[in-house]
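Visitor: What follows is a predicted protein model with its sequence.
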Amino acid sequence: MSQPWEPGDTRGPLMGGRGGRGQRGLGPVIQTLNVPSGDSVPQLRHQSPGVTTAVPVPTPHGATAAPHPTATTDCVPTAPLTPSPVCCCVSPQALCSVSPQDLAVPNTGWSAAMCEQFQRLLRRAADGSWRRIPSYRRGLDYLPEVVQMAVGVVTRPGPRLFLRSVDEEGAGFEYAIFLHASGHRTQCLCQLGPYLEGHHGFAHGGAIATLIDSTVGTCALAVAKASVMTAKLSISYLAPVPVGAVVVADSRMERHEGRKIFLSCHVRDTKRDTLYAEATGEDMWCCGDGAGDTETIPQNCASG
Ligand SMILES: CCCCCCCC(=O)SCCNC(=O)CCNC(=O)[C@H](O)C(C)(C)COP(=O)(O)OP(=O)(O)OC[C@H]1O[C@@H](n2cnc3c(N)ncnc32)[C@H](O)[C@@H]1OP(=O)(O)O
């Protein structure tokens, strides 16, 4: 088992800077810009106050993507707050030049192992079998096509997402969720930062539960294509997760009955040597009519 990461340890996941997200004047900050879909790889920007330098990011195939066009960092709406084809279902910030900021991409808090695994998963996704799901601070920006189906066009900022509650890069959950083309499986690549510590050197069980719930919940969202709630979650904690470790939570739908979607989840290290936790969950779609069709899950609860 690798050595637990210690707060202040410059060899650890925060190596390379601890610039707070969205804060300016705190030294170099990496910022991502305009990511309309889950498949595109955003540009990283090393940003010092008043200076913006585009940094090319390797594409999944190893080529180097062109730098992103210059954009301002101020969130000034550039168009009336009306839905657009690209960001029709996200908060008004979507219409700003750099918001919402997709956070499911590398930042200065990602360890080398995290970056390496992220690139591996991007390469795997290149054939279309998987896709990376953009992730934002605000929950209503999450899996936007599903949110749009569930609640319609969102015209106000959604609630802040628990997993994105820590602004400091590398300190909390750093993660990217990938959705299988079947829509029945999700994998979450996650680095658990020092603010998630429970016992000394190890991640809190609640943090593991949050990771699992979000991976399972995202899978259920994709299956139901509607709003879902976690009704039951059963977790076996099999091995402690060192703070700073990079893990993969792998969730899939096992079956569905009526409004219930039964899912499983396994949390492992990236080499699959250690099974940290396994879980089963029941998510229920929340569409009001209570239809009990055991063959088909309604594709759009909002209309149906
Ligand atoms: C980051 C983005 C991804 C999202 C991931 C995060 C997801 C979350 O964290 S959601 C937050 C945590 N979950 C919650 O707060 C849910 C709280 N619970 C509820 O709101 C409700 O109990 C809810 C929606 C689950 C079910 O309520 P309701 O729709 O009224 O169901 P109800 O009519 O009572 O029961 C319907 C059936 O479900 C069963 N059921 C209800 N609740 C549960 C439960 N908790 N566990 C198992 N079965 C249940 C009932 O027994 C009943 O079964 P049957 O038809 O066989 O008699």
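Guide: That came in fine, so what should we check first? Numbering: from 1, shown residues only.
Visitor: So, low pLDDT: which residues of the stretch 51-200 of the chain?
Guide: Residue ranges of the stretch 51-200 of the chain with pLDDT under 70: 51-99, 139-158.
Visitor: for it, what spans make up the strands?
Guide: Along the stretch 51-200 of the chain, counting by DSSP state E, counting those that start in this stretch, strands occupy 51-55, 130-133, 173-180, 185-192.
Visitor: Which strands border the second one, and is each parallel or antiparallel?
Guide: The one in question is strand 130-133. For strand 130-133, the paired strands and their directions (DSSP bridges) are strand 173-180 (antiparallel).
Visitor: Please determine whether the partner strand lies in contact with the ligand.
Guide: No. Contact between strand 173-180 and the ligand is absent, the nearest approach being 8.7 Å (criterion: CB under 6 Å from any ligand atom). All C-beta spots, glycine's among them, are computed from the backbone N, C-alpha and C.
Visitor: closest one to residue 167 among the strands of the stretch 51-200 of the chain?
Guide: With CB to CB, the closest approach to residue 167 among those belongs to strand 173-180: 11.8 Å.
Visitor: Please list the residues of the stretch 151-300 of the chain that sit near the ligand.
Guide: So far as CB under 6 Å from any ligand atom goes, the stretch 151-300 of the chain lies against the ligand at 213-214, 217-218, 221, 229-232, 282, 284, 286.
Visitor: Pull out the buried positions in stretch 230-238.
Guide: 230, 233, 235 (16 or more other CB atoms under 10 Å).
Visitor: For the stretch 201-304 of the chain, which residue gets nearest to the ligand?
Guide: The ligand sits closest to residue 217 of the stretch 201-304 of the chain, with a gap of 2.5 Å, by CB to the nearest ligand atom.
Visitor: Make sure that residue is indeed in a helix.
Guide: Yes. Residue 217 sits within a helix when classified using DSSP: H, G, I helix; E, B strand; the rest coil.
Visitor: just to revisit the earlier point, and the residues of the stretch 151-300 of the chain next to the ligand, which are buried?
Guide: Neighbour counting with 16+ other CB under 10 Å marks 213-214, 217-218, 221, 230, 282, 284 as buried within these.
Visitor: May I have the distance across stretch 128-135, first residue to last?
Guide: 19 Å (CA to CA, to the nearest Å).
Visitor: could you check whether it is close to the ligand?
Guide: No. Under the criterion of CB under 6 Å from any ligand atom, the ligand is not reached by stretch 128-135; the shortest gap measures 8.3 Å.
Visitor: mind listing what's buried in that stretch?
Guide: Going by neighbour count (16+ other CB under 10 Å), the buried part of stretch 128-135 is 130-135.
Visitor: Of these, which pair is most distant in space?
Guide: Farthest-apart pair in those is 130 and 135; separation 15.1 Å (CB to CB).
Visitor: How are the helices of the chain distributed by residue range?
Guide: Taking DSSP state H, the helices of the chain run over residues 112-125, 144-151, 205-224.
Visitor: among these, which is the most enclosed?
Guide: Burial of the helices of the chain is given as mean neighbour count (mean count of other CB atoms under 10 Å); helix 205-224 ranks first at a mean of 23.
Visitor: Can you name every helix or strand that it contacts?
Guide: Judged by 3 or more CB pairs under 8 Å, 6 or more residues apart in numbering; DSSP states H and E, helix 205-224 is in contact with strand 173-180, strand 185-192, strand 228-237, strand 246-257, strand 260-269, strand 275-285.
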